[in-house]
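turn this into a structure:
(chains A, B, C and D)
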There are 2 protein chains.
Amino acid sequence: MTRNKKVTSYDVAREAGVSQSAVSRVFRPGLSVSQKTRDKVMTAANAMGYRPNAIARMLITKQSGMVAVIVSSRANVNYPEVLSQVSKQLAARNKRVLLFTLDDAEGLDDLFEQIWTFQVDGVIALAAHFESEKLAQFEQHKIPVVLYNRNVPGAMANTVCCNHEQGIKQLILELEQSNPKNYLVLSGPKDSDVANERREIALSLLKQFGAKDVSVLFGDYSYQSGRDCLAQWLEKNPTPDAVICSNDTMAIGVIDEARDNHNIHIPNDMSVVGFDGITSSAWKSYQITTIKQPLEQLVKAAIEMLLEHIENPDSPPESRVLTGALIKGNSVKRI
Amino acid sequence: MTRNKKVTSYDVAREAGVSQSAVSRVFRPGLSVSQKTRDKVMTAANAMGYRPNAIARMLITKQSGMVAVIVSSRANVNYPEVLSQVSKQLAARNKRVLLFTLDDAEGLDDLFEQIWTFQVDGVIALAAHFESEKLAQFEQHKIPVVLYNRNVPGAMANTVCCNHEQGIKQLILELEQSNPKNYLVLSGPKDSDVANERREIALSLLKQFGAKDVSVLFGDYSYQSGRDCLAQWLEKNPTPDAVICSNDTMAIGVIDEARDNHNIHIPNDMSVVGFDGITSSAWKSYQITTIKQPLEQLVKAAIEMLLEHIENPDSPPESRVLTGALIKGNSVKRI
DNA sequence: CGCAATAATGACTTCGAATGCAATAATGAT
DNA sequence: ATCATTATTGCATTCGAAGTCATTATTGCG
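Now for the predicted structure:
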């Protein structure tokens, strides 16, 4: 019978005729308890519907068993999947996710307050932008952090990231096969670190490849911005041979706009590549050539790294870069 | 200067020359503290980098300030958006989200254990299937629950749900305009409550409308299952006049399959409707006629309801049904 | 200026489990 | 059977903030 009032270890102890310490020991793994006591306690506990109070445990052990996951609202379409993976993999390690959503830099101080007060064991930040000053705060509070999909070169931070350079290079190699005369680079927003990185890498690689006619436009990662940017570009310019989009969603927008309003045929009139490998990039109507991020491995790496630093707070910062897979779709002109 | 070791209210009290109680009062809103004391405490607290320990607070106040959000892995594409909304709106009410992902019925007992031990203030379940026996457990533990997008007729449960009946009726009205000779209903998986509800409503309404030739196929809510179901159907049957899909994702699959492998023209040869109003349903290549779920309002309702029941545990169960908006796309034949 | 009413303060207890330590029981060796 | 080990057990304390209550400082008002 489950009682109405909360059952504590003292209640169970009384019922089982043992001390509160005994009850506590039964519910902690690996402690010395005789089989007899264990049975008495378990019987009483089950009868009374007792569950140890995690809050009290956290207070005394100074381990909350919670990991703060910060999701920027700018997070890309993959993040739900990432989030679900994170939650699952942490659950397997007996930790839970305390979720925080970050809208803008405004809420940052407030968010940090929350994180300190909740004494989380660690933090995973999904594509959020932190000044290194913020990172230093984590250091001070001795809370391990892993930045997901953000490379902070030279910074003392744990990062897990998809290899943008290698991915974009593969995409450009695909595009180069048909010798495009000119390139349009459709970047994500200027205040996104990932967007900036992808754009700069693309520009620098294009230069290496000897591409001369390269233009840049800025979208905001959304479908509509893909459409708008292309429309705006075509007002004053001819159809570009190749469009490099900083994510798949914009690539989809570009393709729809091209077909819908400008009668441009993909890939013969114009090649388009994306990045991320979101589900819809593979849909028949788009079939985008893109780089698929190795989500599961990225998450796995992030979590391993975090746990390592939780268990061993002095281990040095680490960066892991994983390689994405080139998905050959049907959005790039073949020769 | 932020000290390395954790700063407690006692440390601040000593530094500020006041009692620990005083420090506590300063950090609780609306308590009687003189300006002088407040200043002394705040100065010391800031200098030492003190933040109240939320864990200790939870223990004494018996309010964790956390709401468990259970996301079924079967959750539809909207859920990231929902989750983000939930997190934001709860944050505004000074509560945080403890995230749990539910893979299958297997993990359910374990999940419940977690929920009891963490003493959450309430639970929001996104599209998860709970037996009423499970719901009773929440009752026993006195933890308020709100079921999102799940209608449990007759059950003593708080539910927030989109009006499926009204939405599907509107969709059928759209379809009826071109007098389809036959209908194909593409249902979601049999073990999904929402899928079953949508299918049964569609069938019952079609009967009311006098439709005679109605067939049912079962998919799993995925793009690929939309494609597969249509392909399989067309092996032995002629092109249906109208396809009612239980969600937008399958509708997209159906459209792609029709165009790609069967040279069926949408909407002239075949009308397709979806449900949910996911982002991609509005993309130019699909432009599905669908019902857009009022996400923000649904979430708002769910949270209001939950908070009401947290504050007033004896308020009776409530069900709110919100109406979705008909999106007239371009996937239904006009006369 | 005096007294009542109110505001501010600190000492002490509480929440519920975990743990160091000392006491006791069980086991083994001789 | 005796003593040394080792395994169990319970007592008392701890974690850090919040709240109760009695005490002291302030304020208002006649």
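
kindly report the residues of chain A close to DNA strand D.
Contact residues (Cβ under 7 Å from any atom of the strand) of chain A with DNA strand D: A:18-22, A:25, A:32-34, A:36-37, A:56, A:59-60, A:62. C-beta here means a position set from N, CA and C on the backbone, and glycine is covered the same way.

could you flag which of the residues you listed are buried?
Neighbour counting over the residues of chain A next to DNA strand D (16 or more other Cβ atoms under 10 Å in any protein chain shown) leaves A:18, A:22, A:25, A:33, A:37, A:56, A:59 as the buried ones.

list the buried ones in the strand or helix carrying the fifth one?
A:T37 is part of helix A:35-48 when elements are defined by DSSP states H and E. Residues of helix A:35-48 classed as buried under the neighbour-count rule (16+ other Cβ under 10 Å) are A:37, A:40-42, A:44-45, A:48.

swap in stretch A:115-133?
A:115-130.

now it: average pLDDT?
What stretch A:115-133 shows for mean pLDDT is 84.

then stretch A:247-255?
Rounded mean pLDDT across stretch A:247-255 is 96.

before we move on, the earlier item: and the buried ones among the residues of chain A next to DNA strand D, which of them are in helices?
Using DSSP state H, the members of those that fall in helices are A:22, A:25, A:37, A:56, A:59.

show me the two of those residues that sit farthest apart.
A:T37 and A:L59 (25.2 Å; Cβ to Cβ).

and the stretch 51-200 of chain A, which residues reach DNA strand C?
Neighbours of DNA strand C within the stretch 51-200 of chain A, by Cβ under 7 Å from any atom of the strand: A:51-53, A:56-57, A:59-61.

tabulate those (a markdown table), appending distance to A:I168 and pLDDT.
Formatted as a markdown table, these follow (distance: Cβ to Cβ, whole Å; pLDDT from 0 to 100):
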| residue | distance to A:I168 | pLDDT |
| --- | --- | --- |
| A:R51 | 51 | 89 |
| A:P52 | 51 | 92 |
| A:N53 | 51 | 92 |
| A:A56 | 51 | 94 |
| A:R57 | 48 | 93 |
| A:L59 | 49 | 92 |
| A:I60 | 50 | 93 |
| A:T61 | 46 | 91 |
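
between those residues, which sits nearest B:T101?
A:R51 (20.7 Å).

now the closest residue to the closest one other than its chain neighbours: which helix or strand?
Excluding the flanking residues, the one nearest A:R51 by Cβ to Cβ, 6 or more residues apart in numbering or on different chains is B:W116, at 4.6 Å. Using DSSP H and E, B:W116 sits within helix B:108-117.

who's in contact with that helix?
With contacts defined as Cβ atoms under 8 Å, 6 or more residues apart in numbering or on different chains, helix B:108-117 is touched by A:51-54, A:96, B:68, B:70, B:100, B:102, B:123, B:134, B:137, B:141, B:143.

tell me where chain A is predicted with low confidence.
Scanning chain A for pLDDT under 70 picks out A:1-5, A:74-77, A:104-106, A:127, A:152-155.

if you set the cut-off to 50 instead, what comes out?
Low-confidence regions of chain A, defined by pLDDT under 50, span residues A:1-4.

in it, which residue is closest to the centre?
Compute the mean C-alpha point of chain A, and by Cα atoms, centre = their mean the closest residue is A:L126, 4.0 Å away.

before we move on, the earlier item: filter the buried ones among the residues of chain A next to DNA strand D by proximity to chain B?
Among those, proximity to chain B is found for A:56, A:59 (Cβ under 8 Å from any Cβ of the partner chain).

show me the two of the buried ones among the residues of chain A next to DNA strand D that sit farthest apart.
A:T37 and A:L59 (25.2 Å).

gap between the residue nearest to A:A16 when sequence neighbours are not counted and A:V243?
Nearest in space to A:A16, with sequence neighbours left out and distances taken as Cβ to Cβ, 6+ apart, is A:A44 at 3.9 Å. Distance, A:A44 to A:V243, using Cβ to Cβ, to the nearest Å: 69 Å.

next: A:I60.
Taking Cβ to Cβ, one finds A:I60 at 58 Å from A:V243.

quick one on the thing from earlier: redo the buried residues of helix A:35-48 as TSV? Include distance to B:G277.
Converted to TSV, these look like this (distance: Cβ to Cβ, whole Å):
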residue	distance to B:G277
A:T37	59
A:K40	57
A:V41	53
A:M42	51
A:A44	53
A:A45	48
A:M48	48
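
which of those residues sits closest to B:E311?
The closest of the buried residues of helix A:35-48, once distances to B:E311 are taken by Cβ to Cβ, is A:M48, at 28.0 Å.

so what's the closest residue to A:K6 other than its chain neighbours up against?
Nearest residue to A:K6 in three dimensions, chain neighbours excluded: A:N53, at 7.8 Å (Cβ to Cβ, 6+ apart). By Cβ under 8 Å, 6+ apart, A:N53 lies in contact with A:6, A:8, B:59, B:117, B:119.

now do the helices in chain A.
Along chain A, the segments classed as helices by DSSP H run A:9-16, A:20-27, A:35-48, A:54-61, A:79-92, A:108-118, A:132-141, A:164-176, A:193-208, A:223-236, A:248-262, A:295-311.

mind giving me TSV with the ones you listed and columns for distance to B:D276?
Listed next are the helices of chain A as TSV, based on distance: least, Cβ to Cβ, whole Å:
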stretch	distance to B:D276
helix A:9-16	47
helix A:20-27	44
helix A:35-48	43
helix A:54-61	36
helix A:79-92	15
helix A:108-118	31
helix A:132-141	37
helix A:164-176	32
helix A:193-208	28
helix A:223-236	17
helix A:248-262	18
helix A:295-311	23
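
and for whatever residue of the stretch 201-335 of chain A ends up closest to DNA strand C, the neighbour number?
Closest approach between the stretch 201-335 of chain A and DNA strand C, counting by Cβ to the nearest atom of the strand: A:E311, at 14.9 Å. Here the number of neighbours of A:E311 (other Cβ atoms under 10 Å in any protein chain shown) works out to 10.

A:L205: neighbour count?
17.

that one touches A:L173, doesn't it?
No: assessed by Cβ atoms under 8 Å, A:L205 is found out of contact with A:L173, at 9.5 Å.

quick revisit: between the helices of chain A, which gets nearest to B:L184?
Ranking those by their distance to B:L184 (criterion: Cβ to Cβ) puts helix A:248-262 first, at 26.9 Å.
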